[in-house]
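In: Quick one, structure for this:
(one chain, ligands or ions: 1)
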Amino acid sequence: MKKHFSELHDTVIAQGLCARCGVCAGICPAGVIDFNAEYFPVLKGECISCGFCSRCCPGADVNFPALSRAVNDTRYDPGDLEGYTENNFVGHPLDNEVRYAGASGGLVTGLLTYLLETGKIDGAVVVGPDPDHPYRTKGVLATTVEDIKKAAQSKYCVTPSMEVLQKIRKKKGKFAIVALPCQIHGLRKIAEVDPKLSGKIACIFGLYCTCTMNPEGHLEAMQAAGVKKEDVARFDFRGGGWPGGMHVVNKNKSTTALHVQEAFGTVINVMFRLFGAKRCYLCIDGLAEYADLSFGDFWAFDYPDEYSKLERCTLVSQRTPQGLKILRDAEADGAVILHHLPGKRVSKRILAMVQAKRTRARVYFRARKRKNQLVPDYHFPIPDATFHDKKKNVSYALLGKFRGPLGRKIIMAILFSPIGSFLHKLNRKRQKTFSDYHDN
Ligand SMILES: Cc1cc2nc3c(=O)[nH]c(=O)nc-3n(C[C@H](O)[C@H](O)[C@H](O)COP(=O)(O)OP(=O)(O)OC[C@H]3O[C@@H](n4cnc5c(N)ncnc54)[C@H](O)[C@@H]3O)c2cc1C
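Out: Numbering: from 1, shown residues only. Prediction:
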């Protein structure tokens, strides 16, 4: 059935269900979908009514049972927090420069450079700094090792990086794609709609994901800390030593740490509550369940024995045979070091993150239904939020009251005041005391 872009607009964007993943712009054969300043898709030319954008969009419809069958030949189990997993590994690249430049242990960048150098891929879709505005993020088709390295590090703000599929469409070869769970839901739909484009995807590297921020989040933090946009040479979401925090390198080489967002404890990330993208609040996939490999932070102190010493590493869930081959080849060729984690052992912290993400989704599903607003259809019932769920989600409800411009200004002013610095120091002390945590 032919569908105009207006269908996507009416059923997803106007309903508040757009994930701003960029898949619609990437898949559009006419290349006429662009973004507004907040990264919501807009039509910039003549729509050919092919319907590709609506059919690949993960905003309003993600068929989890069908994805489980198609990707893993398995039955979807809504109670399984980790998703279908064949093995868990913890590892890092041998190249120390790549390892220490990464968000966790640099494994994603290490594997991508390995795949490119060995000719297994011709490029990778990653997220780098916008060349014109280094404090903004942008999807990049990296075709050199330098490009891949430049895009290391996690960007915790909405970036419709799947728009880069447009470039892949015009190129020959095979490409790796680094993507968040919502983006992977869209990418997997492409197989049915545009098999030629889908056939160019060599592998999908997913990132565990608790939430992304609206694009203004880190800009308002910069403003509160007195950093001017024009002075920024580089913005890191995880800079200043692992695990890191928002961090600016100024053009005059001085640095400004914006770590105060952790003032209330790492479990309550103020930024995700003040600036979290609303569609993220309805997402239930915390661990990129339909990637070939999904990557997250490895919290060594969560593990006993020899694992507790493995700091500055990335945790990886291997979900497909293709993912296993990539890991084994890279290991055999001496590009990465991997430690197998016996059984299903992603860390307590990671499981708590997924649990919290699903609790949040139940609460926001309920809230939207009560207002007669649409919710995404995941093709299995989302249980109604309980009183306990609401209690667990209370920090979102409370800080949610400050999401307006004035409220954000007040919270930012507190965070960047001496009170914020004091709370931040207290939190660091708490981390070290209670978690036997030592950063480097
Ligand atoms: C929004 C977001 C939320 C996350 N939440 C969690 C969490 O709750 N728990 C957890 O354990 N891990 C989380 N992660 C993953 C974690 O931060 C690391 O990205 C992951 O462990 C890989 O680390 P690395 O050092 O191996 O990757 P690196 O070697 O640093 O490479 C990271 C790769 O990801 C790409 N990338 C960065 N940001 C994005 C983005 N927004 N969209 C698509 N690609 C991107 C980069 O371009 C780079 O290629 C999150 C990541 C993001 C981007």
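In: wait, what's in contact with the residue in the stretch 1-150 of the chain that the ligand sits nearest to?
Out: Residue of the stretch 1-150 of the chain nearest the ligand, by Cβ to the nearest ligand atom: Gly102 (2.8 Å). Every C-beta, even on glycine, is put in place using the N, C-alpha and C of the backbone. Listed by Cβ atoms under 8 Å, 6 or more residues apart in numbering, the contact partners of Gly102 are 92, 108-110, 152-153, 314.
In: helices and strands around the helix or strand where Ala202 lies, which ones?
Out: Using DSSP states H and E, Ala202 sits in strand 201-207. Under the contact criterion of 3 or more Cβ pairs under 8 Å, 6 or more residues apart in numbering; DSSP states H and E, strand 201-207 touches helix 107-117, strand 175-179, helix 181-193, strand 293-297, helix 321-332.
In: Adding mean neighbour count, write these out as JSON lines.
Out: Shown next, in JSON lines, are the helices and strands packed on strand 201-207 (neighbours: other Cβ atoms under 10 Å):
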{"stretch": "helix 107-117", "mean neighbour count": "25"}
{"stretch": "strand 175-179", "mean neighbour count": "27"}
{"stretch": "helix 181-193", "mean neighbour count": "24"}
{"stretch": "strand 293-297", "mean neighbour count": "25"}
{"stretch": "helix 321-332", "mean neighbour count": "16"}
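In: need these in TSV with mean pLDDT, can you?
Out: Listed next are the helices and strands packed on strand 201-207 as TSV, based on pLDDT from 0 to 100:
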stretch	mean pLDDT
helix 107-117	98
strand 175-179	98
helix 181-193	97
strand 293-297	97
helix 321-332	98
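In: how about the ones you listed in TSV, adding distance to the ligand?
Out: Shown next, in TSV, are those (distance: least, Cβ to the nearest ligand atom, whole Å):
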stretch	distance to the ligand
helix 107-117	3
strand 175-179	4
helix 181-193	7
strand 293-297	3
helix 321-332	13
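In: In a markdown table: the ones you listed, plus distance to Cys211.
Out: Output for the helices and strands packed on strand 201-207, formatted as a markdown table (distance: least, Cβ to Cβ, whole Å):
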| stretch | distance to Cys211 |
| --- | --- |
| helix 107-117 | 19 |
| strand 175-179 | 15 |
| helix 181-193 | 11 |
| strand 293-297 | 14 |
| helix 321-332 | 25 |
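In: Quick check: which element contains the closest residue to Arg169 other than its chain neighbours?
Out: Nearest residue to Arg169 in three dimensions, chain neighbours excluded: Leu197, at 5.6 Å (Cβ to Cβ, 6 or more residues apart in numbering). In this structure, Leu197 sits in helix 195-198 according to DSSP H and E.
In: who does the strand holding Ala202 pair up with?
Out: If you go by DSSP bridges, strand 201-207 pairs up with strand 175-179 (parallel), strand 293-297 (parallel).
In: Mind putting the ones you listed into CSV with distance to Leu406?
Out: Converted to CSV, the strands paired with strand 201-207 look like this (distance: least, Cβ to Cβ, whole Å):
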stretch, distance to Leu406
strand 175-179, 35
strand 293-297, 34
